[in-house]
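> Predicted model and sequence below, questions to follow.
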Amino acid sequence: MKKTSDIGVVGLAVMGENLILNMASKGFTVTAYNRSYNKVENFINGRAAGKSIRGADSIENLVASLETPRKIMLMVKSGQPVDDFIEQLIPHLSKGDIIIDGGNSQFEDSNRRTKSLAAQGLLYVGSGVSGGEEGALLGPSIMPGGAKEAWPHLKPIFQAISAKVADENGDLTVPCCDWVGSDGSGHFVKMVHNGIEYGDMQLICEAYILMRDLLGMSGDEMQAVFADWNTTDLSSYLIEITADILAYKEDGQPLVESILDTAGQKGTGKWTGVTALHLGVPLTLIGEAVFARCLSAIKDERVQASSVLAGPKPTFTGDKAAFLESLKQALLASKIVSYAQGYAVMREAAKEYDWELDYGAIALMWRGGCIIRSVFLDNIKTAFDTDPELSNLLLDDYFNKVVSGTQTGWREVVATATLQGVSVPCLSSALSYYDGYRTANSPANLLQAQRDYFGAHTYERKDKARGEFFHTNWTGRGGNTSSTTYDV
Ligand code: NBP
């Protein structure tokens with residue numbers, strides 16, 4: 001083993017351990033450290049034995065074991081533990097040393113940390129890492145952002161350990177990792193990735209519930225449909241594992257039907273929704289996906305409501321095969337809307353925070369290694385490579401054509417689900433967004449009139465220049481004083 005290590009990793013839970021093993025397998029020497037030292041000992045004597053991995057029993061020894069500029073990657077619980085480790089590391093580091101936070105930190109925290117460490121001469125990188133346990137070990141998608149001077153030092157390690165997708169010759173050489181941008185942009189992109197993951201998962205769940213409860217399909221029948229969809233434009237990791245899950249049996253019965261229908265969440269979907277609200281970008285599908293998890297979590301209340309509230313009992317009398325084809329179209333169209341909305345959030349954030357984001361490169365980072373990896377991301381990369389200023393993915397020729405082709409099926413599925421009383425919040429909100437986005441004359445004129453009527457909030461007129469505001473004394477009882485015109 002080399003005398004000094006190429007990188008140190010703090011945090012020996014599932015992600016840290018597997019990333020270290022991945023790094024060692026690519027020829028790097030790594031020092032491992034963990035708050036609870038027994039995990040270091042167990043790791044060094046267990047999975048790390050015989051590999052280019054050494055353990056450290058203190059932060060001081062961790063830092064002393066590293067080549068300069070020192071590179072230390074934190075793979076710990078996000079929030080206070082990250083700040084605590086940064087504070088512990090600082091006294092031992094020198095100018096130009098690099099701290100990377102590879103956990104699921106909030107991007108505002110990474111904005112703050114990048115600035116405060118820069119003021120101390122240290123380089124901070126907030127890096128999204130996606131792919132779970134297997135990705136960390138065999139090749140995750142990595143989304144680093146922050147102090148760009150750190151990138152030349154990290155690039156050889158990060159691109160070596162990341163997932164690879166095929167180049168134009170079909171060889172797996174293109175890394176799913178590139179520099180994202182300044183400050184917390186890496187964590188921002190990872191956050192949007194996770195939000196999109198929430199949306200994709202909920203869309204698949206809505207397709208499943210329609211198959212199970214409306215079409216009355218068995219686990220094996222549903223498995224066959226998802227396996228078939230995985231050979232189409234919908235081909236993706238999440239569709240693939242859904243087919244696997246539906247096929248998995250315990251005592252001859254599908255295990256999935258024994259799992260309690262209450263979804264958990266660790267916050268990244270919620271952060272994406274909250275951020276979209278702050279930025280004023282309609283992120284309706286991901287918002288619905290988060291709320292669907294919240295609704296699922298109140299199981300006892302739902303069980304009670306199910307015997308109190310009336311509604312149709314789903315029954316299907318039409319052509320099953322034709323409906324399944326429509327369902328596939330609905331899923332594809334809704335997924336396109338979800339990505340269009342997610343990319344719109346990134347575009348607005350780039351404006352707000354002054355980031356230069358390469359949207360095609362982001363699609364490529366998500367193309368392999370991560371949970372939302374799918375064939376479909378190739379088309380997104382092409383769309384943004386063709387027009388880096390594309391304001392909405394739906395306006396790209398390819399996606400416009402695909403969505404147009406799905407219209408009849410998409411509308412039929414949403415209408416049928418609604419008439420039959422099956423809740424499909426993501427499929428339906430996607431369609432509603434699509435119809436709202438293509439509406440030149442919305443009802444917001446009435447809304448502005450209402451605002452002006454009760455609060456003198458003023459309005460613009462269709463027959464006057466933009467930026468000129470008017471107030472009407474609607475009742476004859478108000479004065480001429482209007483409220484100040486501003487948007488938040
Ligand atoms: P966890 O999120 O379970 O974190 C475990 C690590 O955090 C351990 O090293 C633990 O030390 C340390 N830690 C905790 Br918990 N509280 C601490 C505290 N107050 N002070 C110092 N250290 C503390 O591990 P993980 O699932 O491997 O995830 C690591 C990071 O990567 C997280 O930010 C996570 O959100 C992110 N992530 C996870 C996945 C995934 O699939 N699991 C995927 C992508 C990203 P200890 O051993 O002493 O308790």
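The structure has been received and is ready for your questions.

> Residue of the stretch 1-150 of the chain nearest the ligand, please.
Gly103 (2.4 Å; C-beta to the nearest ligand atom). In short, each C-beta sits where N, CA and C put it, glycine included.

> neighbours of that residue, just the number please.
24 (other C-beta atoms under 10 Å).

> was I right about it contacting Asp83?
No: counting by C-beta atoms under 8 Å, Gly103 stays clear of Asp83, with 11.8 Å between them.

> Nearest to the ligand: which residue in the stretch 251-400 of the chain?
Lys266 (6.7 Å).

> And that residue, its phi and psi?
Per-residue torsions, Lys266: phi -110, psi 10 (degrees, to the nearest 10).

> and the closest residue to it other than its chain neighbours, how many neighbours?
Among residues not flanking Lys266 along the chain, Asn104 sits closest, at 7.4 Å (C-beta to C-beta, 6 or more residues apart in numbering). Using other C-beta under 10 Å, Asn104 has 20 neighbouring residues.

> Return the set of buried residues in stretch 353-368.
Neighbour-count burial for stretch 353-368 flags 353, 355, 357-368 (criterion: 16 or more other C-beta atoms under 10 Å).

> What of stretch 81-97?
The neighbour-count check on stretch 81-97 (16+ other C-beta under 10 Å) flags 82, 85-86, 88-89, 92-93, 97 as buried.

> Any chance of TSV for those, columns pLDDT, secondary structure and distance to Ser483?
What follows is the buried residues of stretch 81-97, written out as TSV (pLDDT from 0 to 100; DSSP: H, G, I helix; E, B strand; the rest coil; distance: C-beta to C-beta, whole Å):
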residue	pLDDT	secondary structure	distance to Ser483
Val82	98	helix	43
Phe85	98	helix	48
Ile86	98	helix	45
Gln88	98	helix	51
Leu89	98	helix	51
His92	98	helix	56
Leu93	98	coil	52
Asp97	98	coil	53
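
> so which of those comes closest to Ser296?
Among the buried residues of stretch 81-97, Val82 lies closest to Ser296 (C-beta to C-beta), at 30.1 Å.

> How about the residues of the stretch 51-200 of the chain by the ligand?
By C-beta under 6 Å from any ligand atom, the part of the stretch 51-200 of the chain that sits against the ligand consists of 75-78, 81, 84, 103-104, 129-130, 132.

> Run me through the strand neighbours of the top strand by length along the chain, direction for each.
In the chain, taking DSSP state E as the definition, the longest strand is strand 123-130. Sheet pairing here is set by DSSP bridges, and for strand 123-130 it gives strand 98-101 (parallel), strand 141-146 (antiparallel).

> Out of the ones you listed, which one sits most buried?
Among the strands paired with strand 123-130, strand 141-146 has the highest mean neighbour count (mean count of other C-beta atoms under 10 Å), at a mean of 31.

> What is the burial count for Gly131?
25.

> For the longest strand of the chain, C-alpha coordinates in CSV please.
Output of strand 123-130 as CSV, limited to C-alpha atoms (Å, rounded to 0.1, in the frame of the first residue of the first chain):
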residue,chain,number,x,y,z
LEU,A,123,-12.1,24.2,-1.1
TYR,A,124,-15.6,22.8,-0.5
VAL,A,125,-17.4,20.5,-2.8
GLY,A,126,-21.1,19.5,-2.3
SER,A,127,-21.6,16.4,-4.3
GLY,A,128,-24.7,14.5,-5.0
VAL,A,129,-24.2,10.7,-5.1
SER,A,130,-26.9,8.5,-6.4
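
> After it, heading C-terminal, what element do we hit next?
Downstream of strand 123-130, the first helix or strand assigned by DSSP states H and E is helix 132-138.

> average pLDDT for the helix ranked longest in the chain?
Looking across the chain with DSSP state H, the single longest helix is helix 320-353. Here helix 320-353 scores 98 as its mean pLDDT.

> What residues sit buried inside that helix?
In helix 320-353, counting by 16+ other C-beta under 10 Å, buried: 323-324, 326-350, 353.

> same question, stretch 419-426
420, 422, 424-426.

> got it, and stretch 287-301?
Residues 287-293, 295-296 are the ones in stretch 287-301 that count as buried (16+ other C-beta under 10 Å).

> Quick check: the residue of the stretch 251-400 of the chain closest to the ligand touching Gly103?
No: the criterion here is C-beta under 8 Å, and Lys266 misses it with Gly103 at 11.1 Å.

> residues near Glu389, how many?
When neighbours are defined as other C-beta under 10 Å, Glu389 has 7 of them.

> Give me the distance between it and Gly132.
Counting by C-beta to C-beta, to the nearest Å, the gap from Glu389 to Gly132 is 34 Å.

> ok, Leu331 - contacts?
203-204, 207, 229, 234, 427 (C-beta atoms under 8 Å, 6 or more residues apart in numbering).

> Output these in JSON lines, with secondary structure appended to each entry.
Shown next, in JSON lines, are the contacts of Leu331 (DSSP: H, G, I helix; E, B strand; the rest coil):
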{"residue": "Leu203", "secondary structure": "helix"}
{"residue": "Ile204", "secondary structure": "helix"}
{"residue": "Ala207", "secondary structure": "helix"}
{"residue": "Trp229", "secondary structure": "helix"}
{"residue": "Leu234", "secondary structure": "coil"}
{"residue": "Leu427", "secondary structure": "helix"}
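
> out of those, what pair is the most spread apart?
Taking C-beta to C-beta, the two most distant members of the contacts of Leu331 are Trp229 and Leu427; they sit 14.8 Å apart.

> Low-confidence ranges, this protein, go.
By pLDDT under 70, the chain has no low-scoring segment.

> ok, which stretches of it are strands?
Assigned strands in the chain, in chain order: 7-10, 30-33, 53-55, 71-74, 98-101, 123-130, 141-146, 164-166, 172-175, 249-250, 253-254 (criterion: DSSP E).

> returning to what we had before: how close does the residue of the stretch 251-400 of the chain closest to the ligand sit to Tyr198?
11 Å.

> Same drill for those two, tell me which one is more crowded.
Neighbours of Lys266 and Tyr198, each counted by other C-beta under 10 Å, are more numerous for Tyr198; the result is 27 against 10.

> Once you drop chain neighbours, what's closest to the more buried one?
Gly269 (3.7 Å).

> again, but for Ser391
Once flanking residues are discounted, Ser391 sits nearest to Arg347: 7.3 Å by C-beta to C-beta, 6+ apart.
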